[in-house]
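J.: sequence? don't have it. structure:
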């Protein structure tokens, strides 16, 4: 087995190399319209060489992260794409487009995406919303932005999403306080996300669906099939979140294991696509063939699926060099006068440097736990606020080392540089609003 060479390098140096690689990814993708998967693979190799790591070792880390990410999120992305193609092949897409293309479209999406964001991962939440987003036609960019912003908010600050659940468990926060305080924090973020999404134009007419429906299926039946599939998939990923709550009555035993199993990718694929196909029972056998609607949906997801997997491989390389943890610890040296801003910034730095929101939340909460007393957050309510600050921080800056960023950009039809401005920039603005609300709430628990 090859051994890494440059792991002992200063974390500041590795962070500088990381910033260079991020700039390279954005520039190459923008100038040459290069395939994101290929750019991420080359960028990972470049980063490994720059930090002094043996290339075979970097390749091994990349393979591990790629495989884990595809296993965790790949089938959810495929399930969403398959149901989306079924919708596009029937009157269901037309029905959704009428409801999403008007001024109320972002508000409709905001409500649904907020609920989906409570699920087991932000990637899965966006994946199951794919049929709605792709059906939005010319309004697709605006609707995709609304979805990504609202998933971002609820996944970071609303119980029972895994990020606040993990932070509350580690910090020993009061669960009821976490739920109550999380509502205004997430509401402020959602309101800002809705406003940001509405600012964007409806989009290019080229994004509108122009092909006529091809399934000889009654409109009401087609709509029912897609709505049923959405409800089933959203319900499953939320059930998985409930299973991750580390307390009674779900703290152990078969109930918790069954809930965790419900949101697994294979179950999600079988249940979501199966629910749609049950309602689409009148379709021809061509639908399941190599060139049928289900296969077309799977192929349409291949590009973003590879990009999400490659981002996971890049994440593993970044995580293993310890750069994110080391630089997050430097933030802990901020004065206790910064109070609630300290857990927010620790979480933000960790997420920005290594990519995974749940990993960043667990790491940041563990670092903050011994400092709750000097930060003035030692009460049950204070611990809950610290947990929410961690959740808001880890969701504040998704970018090229995160599969969520690539999926959101793909659904919105954005190039990487555009996605950095609109998705990453919008999420950072949401984080700033969340921190402001948390600072106001912190004044009430002292």
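T.: On my side now, so go ahead. Keep in mind that this is a model prediction, so the values were computed, not measured. Numbers count the residues shown, from 1 in each chain.
J.: Which stretches in the stretch 201-350 of the chain count as helices?
T.: With helices called from DSSP state H, counting those that start in this stretch, the stretch 201-350 of the chain shows them at 219-243, 253-262, 265-279, 293-300, 302-320, 323-331, 341-354.
J.: what does stretch 95-104 rub up against?
T.: With contacts defined as C-beta atoms under 8 Å, 6 or more residues apart in numbering, stretch 95-104 is touched by 87, 105, 108-109, 131-132, 135-139, 143, 198, 202, 208-209, 219, 222-223, 226. Any C-beta I mention is one placed from the backbone N, CA and C, and that applies to glycine too.
J.: Could I get the average pLDDT for whichever strand or helix holds residue 151?
T.: Assigned by DSSP states H and E, residue 151 belongs to helix 140-157. For helix 140-157, mean pLDDT rounds to 94.
J.: Give the other helices and strands that it contacts.
T.: Counting contacts by 3 or more C-beta pairs under 8 Å, 6 or more residues apart in numbering; DSSP states H and E, helix 140-157 is packed against helix 105-116, helix 122-128, helix 130-135, helix 162-171, helix 175-199, helix 380-394, helix 403-412, helix 425-442.
J.: Okay, angle between it and helix 105-116 too, please.
T.: Here helix 140-157 runs at an angle of 30 degrees relative to helix 105-116 (axes from the mean of the first three to the mean of the last three C-alpha atoms, to 10 degrees).
J.: Now do the host helix or strand of residue 49, average pLDDT.
T.: Residue 49 is part of helix 36-50, with elements assigned from DSSP H and E. Regarding helix 36-50, the rounded mean pLDDT is 95.
J.: Now do that helix and helix 403-412, the angle between them.
T.: Going by the same axes, to 10 degrees, helix 36-50 makes 150 degrees with helix 403-412.
J.: Please pull up the helix or strand immediately following helix 36-50.
T.: helix 55-69.
J.: Can you name the element that comes right after that following helix?
T.: helix 75-88.
J.: nearest to residue 14, of the helices of the stretch 201-350 of the chain?
T.: Within the helices of the stretch 201-350 of the chain, the stretch nearest residue 14 is helix 323-331; the backing value is 4.2 Å (C-beta to C-beta).
J.: next one: that closest one to chain centre, how far?
T.: Helix 323-331 has its C-alpha centroid displaced from the chain centroid by 23 Å (C-alpha atoms, centre = their mean, to the nearest Å).
J.: Report the separation between residue 362 and residue 374.
T.: 22 Å (C-beta to C-beta, to the nearest Å).
J.: Turn the helices and strands packed on helix 140-157 into a markdown table, columns for distance to residue 338, mean pLDDT and mean neighbour count.
T.: Formatted as a markdown table, the helices and strands packed on helix 140-157 follow (distance: least, C-beta to C-beta, whole Å; pLDDT from 0 to 100; neighbours: other C-beta atoms under 10 Å):
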| stretch | distance to residue 338 | mean pLDDT | mean neighbour count |
| --- | --- | --- | --- |
| helix 105-116 | 30 | 89 | 22 |
| helix 122-128 | 27 | 93 | 30 |
| helix 130-135 | 38 | 92 | 28 |
| helix 162-171 | 17 | 93 | 26 |
| helix 175-199 | 18 | 93 | 20 |
| helix 380-394 | 11 | 95 | 30 |
| helix 403-412 | 28 | 95 | 27 |
| helix 425-442 | 10 | 96 | 20 |
